[in-house]
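*Asks:* what follows is a protein structure lacking sequence information:
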């Protein structure tokens, strides 16, 4: 399994009223910062796909903002303030282990993103009573364990087959 990388905007208390409103709406009062691949809440720092990116990005529908070359990505965002680089794995079969050269990254947890629009089922859908309680998410808005992420993924798909945001990929997130 190959790690992918993405640079995202941060979202936390420094965002003032936007953050306060989000915490109130979501009910995620335990958050000290949201770290997510949700493109509405934590958008990419590089929204435009430039021609010189093509050799360095994931060439799959819906994944064009993910890079396969960490050094290249770091150079692209070097002059952009207020963001973070994440190392991610999509649908890992087991908890991923980082290669030694990525030892500066630590596992933060798992996000569940709908397969179509990049919306987090954890932090941008208003909750899933009977499947996942908001209190089960970390201070970053993530599920702590791989096993629980897979369980929530399965329950969402089974109990809400017509809901597009319930058809999810599991993403391991390292920062």
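*Replies:* Great, that's in hand. This one's a predicted model, so the numbers in the text were calculated from it and none came from an experiment.
*Asks:* so is the spatially most central residue of the chain in a helix, a strand, or just coil?
*Replies:* The centre of the chain sits closest to residue 37, judged by Cα atoms, centre = their mean, with a distance of 2.6 Å. Secondary structure state of residue 37, per DSSP: H, G, I helix; E, B strand; the rest coil, is coil.
*Asks:* for the protein, which segments count as helices?
*Replies:* In the chain, the helices defined using DSSP state H lie at 17-26, 70-77, 146-159.
*Asks:* can you list contacts of the first one?
*Replies:* Identification of contacts with helix 17-26 by Cβ atoms under 8 Å, 6 or more residues apart in numbering yields 11, 12, 13, 29, 31, 34, 41, 123, 124, 126, 127, 134. C-beta coordinates here come from the backbone N, C-alpha and C atoms, glycine included.
*Asks:* out of those residues, name the ones that lie in strands.
*Replies:* Here DSSP state E is the test, and the contacts of helix 17-26 give 11, 12, 34 as lying in strands.
*Asks:* who's the last one bridged to?
*Replies:* Note on residue 34: beta-bridge partners residue 11, judged by DSSP bridges.
*Asks:* that one contacts residue 42, doesn't it?
*Replies:* Yes - with contact defined as Cβ atoms under 8 Å, residue 34 reaches residue 42; the gap is 6.4 Å.
*Asks:* can you tell me which of the contacts of helix 17-26 is nearest residue 100?
*Replies:* Nearest to residue 100 among the contacts of helix 17-26: residue 34, at 29.4 Å, using Cβ to Cβ.
*Asks:* could you measure that closest one against residue 12, distance?
*Replies:* Distance, residue 34 to residue 12, using Cβ to Cβ, to the nearest Å: 7 Å.
*Asks:* for those two, indicate the residue with more neighbours.
*Replies:* residue 34 (27 against 14; other Cβ atoms under 10 Å).
*Asks:* report how many residues lie close to the closest residue in space to residue 140 that isn't next to it in sequence.
*Replies:* In space, and not counting its chain neighbours, residue 140 is closest to residue 35: 4.3 Å by Cβ to Cβ, 6 or more residues apart in numbering. Neighbours of residue 35 under the rule other Cβ under 10 Å: 25.
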